[in-house]
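**Student:** Sharing a model that was predicted from the sequence below.
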Amino acid sequence: MKKSVWLGLALAGLLILAGIPALAYDYSAIGVNITVFDGVGNGSTNWFGDQEDQEVEYSSQYNAVTGQDWDMEAFFWKNETSTLTMIGGYDLIDGKDGIKPGDVFLDVGSNGSWDYAISFSNTGTATWYALDASSTLIPTTHFPTSDPWKYASGATDSGSLNSLYTAFFSTDLAGVATGGNHNAIALDLSGLTLGTSFTVHFTMACGNDNLVGRVTHDTPNVPIPGAVWLLGSGFAGLVGLRRRRQN
């Protein structure tokens, strides 16, 4: 290959890489975004209802409080380590204005019934509860579309999770979590029987916002960042151009 062609490929790669911003919070390392928009949005002037980032619930009787402090934004799943990460502007440990965080609920097989509830505390511990039809769950106080909020009693089994990790970051994640300050909680679910598909849910006591995620049998294990696709397509284009010139 001529030196000019190698030089062109190298220069193209450098130009593409130069345009990739550095991430202060590497959310690609926590798996893939499994967030599902719940179809319920506030729709006010500064907030929009077509995705979970900068979106809260609404009802005909109450208006949900908008703002980053009440926003639930994303679920991530890393299949290799069975780690579930939850991100929100809402304080996932201490809550906001006396409104406490709820439990994480899991529906194995996504068949419409909750199979597990996970409660976590500010001491860094988390407990899982196996649920059935006789288990008692506590509804939210204002927004029924966000139910349930908390596990109460009736679990057939329970135990501790292997680990609970919390983090705080202030850098926006484009298309995932914007608005300034963010909280993240990572739960190791390797001790639970989840199969190849499940639905996960979280909200706070009032139900001002709720978050839904879904893993299916074809959910990719490792996300491919857009920058990698861009880099590969750039090289492929240059190689194709050279081949056409040779022909």
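**Tutor:** Now that the structure is in, tell me what you want to look at.

**Student:** Neighbours of Gln89, how many?
**Tutor:** One thing to correct before we go on: residue 89 is Gly, not Gln. 23 (other C-beta atoms under 10 Å). Any C-beta I mention is one placed from the backbone N, CA and C, and that applies to glycine too.

**Student:** Point to the residue nearest the middle of this protein.
**Tutor:** Phe75 (1.6 Å; C-alpha atoms, centre = their mean).

**Student:** For that one, give me its contacts.
**Tutor:** 33-35, 84-87, 200, 202, 211-213 (C-beta atoms under 8 Å, 6 or more residues apart in numbering).

**Student:** That one in helix, strand or coil?
**Tutor:** Following DSSP: H, G, I helix; E, B strand; the rest coil, the label given to Phe75 is strand.

**Student:** Quick check: it vs Ile185, distance?
**Tutor:** Plainly put, Phe75 is 11 Å away from Ile185 if you go by C-beta to C-beta, to the nearest Å.

**Student:** what's the answer for Val104, then?
**Tutor:** 9 Å.

**Student:** Give me the common contacts of these two.
**Tutor:** 86, 120.

**Student:** Which of those two has more residues huddled nearby?
**Tutor:** Using other C-beta under 10 Å as the criterion, Val104 and Ile185 rank with Val104 on top: 26 against 20.

**Student:** Surely the more buried one touches Leu84?
**Tutor:** Yes - using C-beta atoms under 8 Å as the test, Val104 is close enough to Leu84 to be in contact (7.4 Å).

**Student:** joint contacts of these two?
**Tutor:** Common neighbours of Val104 and Leu84 (C-beta under 8 Å, 6+ apart) are 187, 200.

**Student:** Could you measure from the residue nearest to Asn122 when sequence neighbours are not counted over to Thr193?
**Tutor:** Using C-beta to C-beta, 6 or more residues apart in numbering and skipping the chain neighbours, the partner closest in space to Asn122 is Ile93 (4.8 Å). In this structure, Ile93 and Thr193 are 27 Å apart, going by C-beta to C-beta.

**Student:** more neighbours, these two?
**Tutor:** Using other C-beta under 10 Å as the criterion, Ile93 and Thr193 rank with Ile93 on top: 15 against 10.

**Student:** intersection of neighbour lists for Phe75 and Ile185?
**Tutor:** With C-beta under 8 Å, 6+ apart, Phe75 and Ile185 have common neighbours 85-86.

**Student:** now the strands for this structure?
**Tutor:** Using DSSP state E, the strands found in the chain span residues 32-33, 72-78, 83-88, 104-108, 116-120, 126-130, 136-138, 150-153, 157-160, 164-169, 182-188, 198-203, 210-215.

**Student:** what's the neighbour count on the residue lying closest to Ser160 once chain neighbours are set aside?
**Tutor:** Excluding the flanking residues, the one nearest Ser160 by C-beta to C-beta, 6+ apart is Thr127, at 5.8 Å. Look at Thr127: counted by other C-beta under 10 Å, it has 16 neighbours.

**Student:** Look at Leu238 and report its pLDDT.
**Tutor:** On the pLDDT scale, Leu238 is placed at 36.

**Student:** ugh, typo on my part, it should be Gly195
**Tutor:** Looking at Gly195, the pLDDT reads 92.

**Student:** measure it to Asp107 for me?
**Tutor:** In terms of C-beta to C-beta, Gly195 sits 11 Å off from Asp107.

**Student:** Which of these two has more residues huddled nearby?
**Tutor:** Ranked by neighbour count (other C-beta under 10 Å), Gly195 and Asp107 place Asp107 first, with 19 against 12.

**Student:** quick one: contacts for the nearest residue in space to that one that is not next to it in sequence?
**Tutor:** Setting aside the residues directly before and after it, Asp107 is nearest to Thr199 in space (C-beta to C-beta, 6+ apart), at 4.3 Å. Shown in contact with Thr199 (C-beta under 8 Å, 6+ apart): 36, 106-107, 110, 212-215.
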